[in-house]
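**Student:** 3D, please:
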Amino acid sequence: MTKLTKKQKSLAEKLGDNQKLYGVDDAIQLLKDLKSAKFDETLEVSLNLGVDPRHADQMVRGMVTLPSGTGKDVKVAVFARGDKAEAALAAGADKVGAEDLLEDMQAGNLDYGRVIATPDMMGVVGRLGKLLGPKGLMPNPKLGTVTPNVAEAIKAAKGGQIEFRVEKAGIIHGGIGKLSFSNEALRANFDAFVDAIVKAKPAGAKGKYVRKVGLSTSMGPGLKVDLSQVHGG
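**Tutor:** Below is the predicted model:
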């Protein structure tokens, strides 16, 4: 286990009661101050929602563009032919193909952050359901990843657009930037992420929708955020 510096020890003491509620800006600053990892950690947000995603009318899923970006290089694969394939390459796709890309993925090459397809390619892509589905990579028209406008979808994927999806226990979590980002940039990403989830409130949600919000880092502690600072709870 990493030895804490004096500064980190005093900050750990400040954490005290792990039930304490923090303002968003205070939580971001404290997590920066507590940083101990040598790499640039990701700031992660988690929301406990008043939904049961086993019911279709309580599913929460969508895309949100983080205004400050993610700080990650997102690898994008595109299923397209002809002009659309050329447009995808010109837009910066990491891999473009049709049956050849299908075979490559079936061979286990699935190291992508986003998979995009033109509508005419879904017959091919459908054969990858068992591989792409569990990884959350299956192209989906509702998420904008099945589209004739591949260049726009690639630009969004590489420019800070991330997907969110509620898990079985009613929890959504996502990385909203790197600790090296400015506090203002991280706060802008936090607000955009939470706002998108609030707007995606499903018709079947019962009672209080946003029940808990937490902020953490890859290696740091989890801090509870004061819900009065979160709109739409």
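**Student:** please make it C-alpha for all contacts and neighbour counts, starting now.
**Tutor:** Fine.
**Student:** so Ile171 touches Pro53, yeah?
**Tutor:** No. The criterion here is C-alpha atoms under 8 Å, and Ile171 misses it with Pro53 at 9.5 Å.
**Student:** and stretch 51-59, what's its mean pLDDT?
**Tutor:** The predicted model assigns stretch 51-59 a mean pLDDT of 92.
**Student:** in it, what's buried?
**Tutor:** Across stretch 51-59, burial judged by 16 or more other C-alpha atoms under 10 Å covers 51-53, 58-59.
**Student:** can you tell me the closest non-neighbouring residue to Pro53?
**Tutor:** Met59 (4.7 Å; C-alpha to C-alpha, 6 or more residues apart in numbering).
**Student:** so Ala192 sits in a helix?
**Tutor:** Yes. Under DSSP: H, G, I helix; E, B strand; the rest coil, Ala192 falls within a helix.
**Student:** nearest residue to it in space, please, no chain neighbours.
**Tutor:** Ala192 sits nearest to Leu66 (C-alpha to C-alpha, 6+ apart), 6.2 Å away.
**Student:** can you report how many residues lie near that neighbour?
**Tutor:** 22 (other C-alpha atoms under 10 Å).
**Student:** my read: it touches Leu186, true?
**Tutor:** No. Under the criterion of C-alpha under 8 Å, Leu66 is not in contact with Leu186, lying 9.2 Å apart.
**Student:** the residue nearest to Ala192: what's it in contact with?
**Tutor:** 160-162, 176, 188-189, 192-193 (C-alpha atoms under 8 Å, 6 or more residues apart in numbering).
**Student:** I'd like to know which of those residues is nearest to Asp111.
**Tutor:** Using C-alpha to C-alpha, Ile162 is the member of the contacts of Leu66 that lies nearest Asp111, at 16.3 Å.
**Student:** give the pairing partners of the host helix or strand of that closest one; include direction for each.
**Tutor:** In the assignment (DSSP states H and E), Ile162 maps to strand 161-165. If you go by DSSP bridges, strand 161-165 pairs up with strand 61-65 (antiparallel).
**Student:** how far away is Glu86 from Thr118?
**Tutor:** Per C-alpha to C-alpha, to the nearest Å, Glu86 is found 13 Å from Thr118.
**Student:** looking at these two, which one has more neighbours?
**Tutor:** Thr118 (21 against 15).
**Student:** phi first, then psi, for the more buried one.
**Tutor:** phi -80, psi 150 (degrees, to the nearest 10).
**Student:** heads up, I number from 30, so please use that
**Tutor:** New numbering, starting at 30: the last item is Thr147.
**Student:** tell me where the chain has helices.
**Tutor:** Ranges of helices in the chain, per DSSP state H, are 35-44, 53-62, 111-119, 128-135, 151-154, 158-161, 179-187, 212-228.
**Student:** who's in contact with the last one?
**Tutor:** When you say that, I think you mean helix 212-228. 53-54, 57-58, 74, 89, 92-98, 205-207, 239, 259-262.
**Student:** sorry, back to before: and the helices of the chain: which comes nearest Thr246?
**Tutor:** helix 53-62 (7.1 Å).
**Student:** now do the buried residues in that closest one.
**Tutor:** Using 16+ other C-alpha under 10 Å as the test for burial, helix 53-62 gives 53, 56-57, 59-61.
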